[in-house]
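Student: below are the sequence and a predicted model for it; my questions follow.
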Amino acid sequence: MSLTQGGIRSMHANNTAVHHTVQILTVKSVPPTRFQILFTDGTETATGMLASQLNKQVETNSIRANCLLNIKKFISSTVSGQVLFVILDAECVGYLDAPVEVAAAHVPAPAPAVHHQAPPAAPQYGAYGAQSSYGAPQAAPAPAYGNPSSGYGSTKPAPSAAPSAYGGGATNSRPVYKDENAGGVIMPITAINPYSSRWTIKARITSKSDIRRWSNAKGEGTLFSIDLLDNEGGEIRATFFKDACEKFFPVLEEGKVYTFSGGTLKLVQNRQYSTIKNQYELTFGVHSAIQAASDDVGIQKQNYNFTKISAIADTEVNATIDVIAIVRSATEVSEIVSQKQSGKVMQKRELTLVDDSMSEVRLTLWGEKATNPHFKWHDSPVVAFKGVKIGDFGGRSLSALQSTSIQESPEIPEGHALYQWRMTFQNGAIPVGASLSSSGPGNRDSSGASDPIENRTPLAAIKDNGMGNSDKGDYATVRAFVNFIKHSEADPWYTACTTPNCNKKVVEGAGGSWTCEKCNLNLPECNYRYILNMSIIDESGSTWVTAFNDQAEKLLGGVTAKELFEMRRTDNTAAYDKVFADCLFKPFIAKLRIKQEMVNDEMRTKSSVMAITDLDYVQENQKMIDAISKY
């Protein structure tokens, strides 16, 4: 095997139609996980950066000093006026005993012997001029490499020399291609790097998040993110802030194909909440170029790496995984008040998932993912979830993130196989060998209606057992009655912001307007939302609980807080009082969250109603029979 005569000049001319065989002089590690090489064609030297997909060849010592490297795909970038080659695809085709003397004489010396034996096990990355792994001293390169502090250096031809004895290369496919519809040269996602800003990628949006608000010491604003997938399977996440968020959110659609350019590439700071296999992420600004492109059948709808439900128990907590499963059951949408988000009211829905590993797990959906009417959860569909987080509350559980992608009845082999497996069971009655989510707020039915009677908690045990001491609070399923609701001395509602997903309290201002401090808006009207404080009782005792909007509406027979406000405003006292009287002393099953909090320098136990349902007497009798049969 010989070096490619004039190979580096050919690479400078962006000749990607041939392979170029060069010798590596040094390999240098560049944090966090890249490798820089200095290489020669026998006449000139150049600097290159290996793409991340070639890291394994360095780590296994296949690519190292004195290696003959056959470069198949590359792109060139200019950094501070100096040329850097990014090597996308290459392989080692042999080894030399010593580095080639770059243009040392006018008469070429005989070609060094080429070895094809297996390389030694330990890799050596070394700095320029380091000793080779075969023990021969490595000559310092003759040409200058530009500013040494830059770390990337330029190429400089050696003094004139006789024609090299090394031969040419072979043909090869190009690393980039021109998309006629996009009107530009398209690069693979895996090829873009921080050393070049002149690139265009063509990709499908596989996931699109909701708009989120952020606030820190530098200011506040909005953002949203998308996940991109190209025809080579490359993935990357992109984020849009402030004006770019306002400009692109309405026009970018999940599942569609676009071309993207003019973005900024940076290292991912926290990969905990992503399954995207890329150490970089993109930020697009208001001046970035994004154009709709024709659909490309070569780009998959999604790129999955599924984990079986039975394997979740052995997977690290807080890991982000992909799951495909059958939705065994689903709760209705409920609301909770998030203490971590300053009292923000959040919508949630809980699904019980099962797959052919005969195991089930609970998955919680939040916000628009919980309320989206597109999904037919109660039809037991096969659903693929990309990017859900593993939690350890009540065994193992899953939670959807802002970036989670959900695909119902996916047209993939795993989806068809799971559907056929489900059809083997009569009437869809899938047996379950193990439930990973044994307890917590929403086991199977978040109201607690499906919990065995022996798992219920007497109200007296809340105080007697000191419940609520844990950091996350405790949960209890109770069967109880309402015996009193506070509604006369204070309004059982609050005035709320009308901005979607806000629901913060608003204050009435001059002229009948309402001010929301969070949204910094003056609104012409407000919403009315319940905060219902009430006493509940069972055979063991009583306790005070708070029911928020959705659960309070259920308890009051579907009467909204706005309707109740109108009754009081019009002095319809009889109708107002009847709403509360009608719900007293009727049995219900509820899920409570119990948490101890400091109020006025005093520790108090607060109980919130997470979910509530009327007692189903037929189901309750069957539960009693089941409980008796266990003794």
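Tutor: Thanks, I have it. Numbers count the residues shown, from 1 in each chain.
Student: switch to C-alpha atoms for all contacts and neighbour counts from now on
Tutor: Noted.
Student: roughly how far out does the longest helix belonging to the chain sit from the chain middle?
Tutor: When the chain is parsed with DSSP state H, its longest helix is helix 617-629. Centre-to-centre, helix 617-629 and its host chain are 43 Å apart (CA atoms, centre = their mean, to the nearest Å).
Student: and what of stretch 289-296?
Tutor: Using CA atoms, centre = their mean, the offset of stretch 289-296 from its chain centre is 23 Å.
Student: same deal with stretch 24-31?
Tutor: When C-alpha coordinates are averaged (CA atoms, centre = their mean), stretch 24-31 and its chain have centres 33 Å apart.
Student: need the helices for this structure, in chain order.
Tutor: 7-12, 55-59, 242-248, 309-312, 368-371, 413-423, 460-464, 549-555, 561-569, 573-581, 617-629.
Student: export the ones you listed to CSV and tack on mean neighbour count?
Tutor: Output for the helices of the chain, formatted as CSV (neighbours: other CA atoms under 10 Å):
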stretch, mean neighbour count
helix 7-12, 20
helix 55-59, 15
helix 242-248, 17
helix 309-312, 19
helix 368-371, 18
helix 413-423, 15
helix 460-464, 14
helix 549-555, 21
helix 561-569, 16
helix 573-581, 14
helix 617-629, 12
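Student: V185: which of those helices is closest?
Tutor: Nearest to V185, of all the helices of the chain, is helix 7-12, at 17.7 Å by CA to CA.
Student: any low-confidence regions in the stretch 101-250 of the chain?
Tutor: Along the stretch 101-250 of the chain, the parts satisfying pLDDT under 70 run over 101-184.
Student: export the longest helix of the chain to CSV, keeping only CA atoms.
Tutor: The C-alpha atoms that make up helix 617-629 are tabulated as CSV, following Å, rounded to 0.1, in the frame of the first residue of the first chain:
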residue,chain,number,x,y,z
TYR,A,617,-71.3,-0.6,44.6
VAL,A,618,-71.0,-3.6,42.3
GLN,A,619,-67.2,-3.2,42.1
GLU,A,620,-67.0,-2.6,45.8
ASN,A,621,-69.0,-5.8,46.6
GLN,A,622,-66.6,-7.8,44.4
LYS,A,623,-63.6,-6.3,46.2
MET,A,624,-65.1,-7.4,49.5
ILE,A,625,-65.6,-10.9,48.2
ASP,A,626,-62.0,-10.9,46.9
ALA,A,627,-60.7,-9.7,50.3
ILE,A,628,-62.7,-12.3,52.2
SER,A,629,-61.4,-15.1,49.9
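Student: show me what it is packed against.
Tutor: Helices and strands touching helix 617-629, by 3 or more CA pairs under 8 Å, 6 or more residues apart in numbering; DSSP states H and E: there are none.
Student: need the helices of the chain in TSV (columns: distance to Y494).
Tutor: Converted to TSV, the helices of the chain look like this (distance: least, CA to CA, whole Å):
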stretch	distance to Y494
helix 7-12	69
helix 55-59	59
helix 242-248	31
helix 309-312	42
helix 368-371	23
helix 413-423	46
helix 460-464	28
helix 549-555	10
helix 561-569	9
helix 573-581	17
helix 617-629	35
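Student: ok, of these, where does mean pLDDT dip lowest?
Tutor: The weakest mean pLDDT among the helices of the chain belongs to helix 617-629, with a mean of 82.
Student: L38 against T26, yeah?
Tutor: Yes - applying CA atoms under 8 Å, one finds L38 in contact with T26, separated by 5.3 Å.
Student: who's more crowded, these two?
Tutor: T26 (26 against 22; other CA atoms under 10 Å).
Student: that one and L68 touch, don't they?
Tutor: No - between T26 and L68 there is no contact under CA under 8 Å: 11.8 Å.
Student: look up phi and psi at L615.
Tutor: Note on L615: its backbone torsions stand at phi -70, psi 130 [degrees, to the nearest 10].
Student: could you find the closest non-adjacent residue to it?
Tutor: Distances taken as CA to CA, 6 or more residues apart in numbering place F588 nearest to L615, at 4.8 Å, with adjacent residues excluded.
Student: what sits against M598?
Tutor: Contact analysis of M598 by CA atoms under 8 Å, 6 or more residues apart in numbering lists R604.
Student: that one and L532, how far apart?
Tutor: Distance, M598 to L532, by CA to CA, to the nearest Å: 20 Å.
Student: equivalent analysis for R212, please.
Tutor: 29 Å.
Student: okay, those two: which has more neighbours?
Tutor: Comparing R212 with L532 by neighbour count (other CA under 10 Å), the higher total belongs to L532, at 22 against 13.
Student: list the beta-bridge partners for the more buried one.
Tutor: Counting by DSSP bridges, L532 forms beta bridges with A547.
Student: wait, doesn't it sit right on P492?
Tutor: Yes - contact criterion CA under 8 Å: L532 and P492 qualify, at 5.3 Å.
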